[in-house]
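Engineer: 3D, please:
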Amino acid sequence: MAQSSYGTENNNFGPGVAYSQLDAALLVYQEAGGRVSATEPTLDLSIHGADGRVLTGGLVADAVSGATPNGAVPSTVSQNFVTPLKARGSTASVTGASGGSTIIHLPPTPGQLATAALGRQYTVAPNTLPVDKGFRDHRGAITLGWSQPLGAISDVGFGGGFSRETDYQAISANAHIAQNLNSANTTVSLAVNSEFDSSSPFGGIPTPLTVMNAQWKTQASRNKSQLGFVLGVTQILSRRWLTQLNYSFDRQSGYQNDPYRVISVVDPSSGQPTSTLYESRPDNRQSQSVFWDNKLDLDPFVTDLALRYYKDSWGISSKTAELSERINFGTAFYLEPNARWYQQSAANFFHYYLVGGQPNPAFASSDTRLGSFTALTYGAKLGFALNGRSEVYVKGEYYQQTGNGHPADAIGQLRQQNLFAGTKAAMVFLGYSWDFH
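Structural biologist: Predicted structure coming up:
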């Protein structure tokens, strides 16, 4: 029937194409307080063959800029931070303040030519969260995938992707197999994914727990590899209830530091920062999670409730609950409010700061994304069907992250500082979807 309905004279991609779907979207993201902003357009195309074959492809491009926390603690006095300048080896003179930073001369590095070297210095005002206002990046990514039935197997497939940023690139590959059972009411699936990343930060790879400086480092890049799998079962429980249960395991090995993030060393009495060190994270990480999703069709409402539990070898465990409700208004409009609650414990090497005079631990990071916090995301999506084959939608969300900014063991002036500023962000999505022959 599909062959006769979608003959070669009625489709754009040749014989056997049942239908194709084009999805285009634009994300605009803005953090409160003039921090990070991002713009991300995406384009996805899937071509579905009448025999079950599916070809997918996607493109992503984004631009990110703004002020990002560098990991240091606030202080009652001004603080200066220095980073390498992109124009390494330049003989230009000092140009003064620009974009919140000042170009400074550096002494020549031992063993290198005694040419004029430059760095970038920025100053943070008293009682202010230290942020680097020079943060900006661009990323482009492409993905391709193929799947089809194979003999008695319901579906097999493979895919890959490539992503490139100014200082980071990732190559990924994946494969999956799925089998329908019980008159197609049950589906068992297994997906394997891998990724190879290379980090090439401006200024080179800093040595962990050494003093932050503007000199270019001798090691230009480091790599990270990842291998994992997802085992899942999807079950139709009734004509109105679909449930899915997944177990995932992931192992990462290699460079996992944020090369731009630092941690303060403070005076044991006053709590004033005395030095700033580059962070240090373990080179290995294993994680596993359980995900349970339920879709309930209660016409005209469609409810989606998902729960997730996660645990890794860094000591982080998290719980997630997500709820969305699709409300149809006739055949053209729908409204889909959603809410997501997330809570995690801190990594076993998370520290707000290190204390001077005490031995440094092997690993230490003040990245609040590795700390203990709770986050709430809520929003709504409004969609409109232009006809039976296309749809436009707009979606808005607000994200708020909260944690303990005043730990009981804070030292000296740190008692009056907020050590967990958290993140507040607004997101807007604009999208268009088109099914065509």
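
Engineer: From now on I want contacts and neighbour counts done on CA atoms only, so please keep to that.
Structural biologist: Will do.

Engineer: Next, residue 413: secondary structure please.
Structural biologist: helix (DSSP: H, G, I helix; E, B strand; the rest coil).

Engineer: how about it, what does it touch?
Structural biologist: 75-76, 270-272 (C-alpha atoms under 8 Å, 6 or more residues apart in numbering).

Engineer: Check the gap between it and residue 298 for me.
Structural biologist: Distance, residue 413 to residue 298, by C-alpha to C-alpha, to the nearest Å: 56 Å.

Engineer: before we move on, what about residue 124?
Structural biologist: Distance, residue 124 to residue 298, by C-alpha to C-alpha: 54 Å.

Engineer: So those two - more neighbours on which side?
Structural biologist: Comparing residue 124 with residue 298 by other C-alpha atoms under 10 Å, the one with more neighbours is residue 124, at 18 against 12.

Engineer: Residue 131 is in contact with the more buried one, correct?
Structural biologist: Yes - if you go by C-alpha atoms under 8 Å, residue 124 and residue 131 touch, sitting 7.5 Å apart.

Engineer: Can you mark which positions in the longest strand along the chain are buried?
Structural biologist: Looking across the chain with DSSP state E, the single longest strand is strand 131-150. For strand 131-150, burial by neighbour count (16 or more other C-alpha atoms under 10 Å) applies to 131-134, 138-149.

Engineer: Same check on stretch 419-429?
Structural biologist: Within stretch 419-429, the residues that count as buried by 16+ other C-alpha under 10 Å are 419-420, 422-429.

Engineer: Over to stretch 209-225?
Structural biologist: Here stretch 209-225 shows 209, 211-217, 221-225 as buried, counting by 16+ other C-alpha under 10 Å.

Engineer: Stretch 19-36 now?
Structural biologist: Of the residues in stretch 19-36, 19-31, 35-36 count as buried by neighbour count, 16+ other C-alpha under 10 Å.

Engineer: In strands, which of those residues fall?
Structural biologist: Short answer: those in strands (DSSP E) are 19-31.

Engineer: okay, those residues in a markdown table with pLDDT next?
Structural biologist: Putting these into a markdown table (pLDDT from 0 to 100) gives the following:
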| residue | pLDDT |
| --- | --- |
| 19 | 86 |
| 20 | 93 |
| 21 | 95 |
| 22 | 97 |
| 23 | 97 |
| 24 | 98 |
| 25 | 98 |
| 26 | 98 |
| 27 | 98 |
| 28 | 98 |
| 29 | 98 |
| 30 | 97 |
| 31 | 96 |
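
Engineer: Turn those into CSV, including distance to residue 303.
Structural biologist: Shown next, in CSV, are these (distance: C-alpha to C-alpha, whole Å):
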residue, distance to residue 303
19, 27
20, 27
21, 24
22, 25
23, 23
24, 25
25, 24
26, 25
27, 24
28, 27
29, 26
30, 29
31, 29
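
Engineer: Out of the buried residues of stretch 19-36, name the two that are farthest from one another.
Structural biologist: Between any two of the buried residues of stretch 19-36, the greatest separation by C-alpha to C-alpha is 42.7 Å, found for 19 and 35.

Engineer: Show me what the helix or strand where residue 381 lies pairs with in its sheet, parallel or antiparallel.
Structural biologist: Using DSSP states H and E, residue 381 sits within strand 373-385. Applying DSSP bridges, strand 373-385 is found paired with strand 333-344 (antiparallel), strand 390-403 (antiparallel).

Engineer: Counting only strands, which of the buried residues of stretch 209-225 make the cut?
Structural biologist: Residues of the buried residues of stretch 209-225 located in strands (DSSP E): 222-225.

Engineer: what's the nearest residue to residue 367 if we skip its chain neighbours?
Structural biologist: Leaving aside its chain neighbours, residue 367 sits nearest to residue 71 (5.9 Å; criterion: C-alpha to C-alpha, 6 or more residues apart in numbering).

Engineer: Validate this expectation: the one you found resides in a helix.
Structural biologist: No - assessed with three-state DSSP, residue 71 is coil; it does not lie in a helix.

Engineer: burial of it, as a residue count?
Structural biologist: If you count neighbours by other C-alpha under 10 Å, residue 71 ends up with 26.

Engineer: per-residue pLDDT, it?
Structural biologist: pLDDT, the model's per-residue confidence, is 96 for residue 71.

Engineer: Just to check, it is in contact with residue 265?
Structural biologist: No - between residue 71 and residue 265 there is no contact under C-alpha under 8 Å: 11.3 Å.

Engineer: what is the rounded mean pLDDT of stretch 418-436?
Structural biologist: Per-region confidence: stretch 418-436 scores 95 on mean pLDDT.

Engineer: lowest-pLDDT helix or strand in the chain?
Structural biologist: helix 2-5 (a mean of 35; mean pLDDT, DSSP states H and E).

Engineer: So residue 214 sits against residue 103, correct?
Structural biologist: No - between residue 214 and residue 103 there is no contact under C-alpha under 8 Å: 10.5 Å.

Engineer: which residues are in contact with both of these two?
Structural biologist: The contact lists of residue 214 and residue 103 share 118-120, where a contact means C-alpha under 8 Å, 6+ apart.
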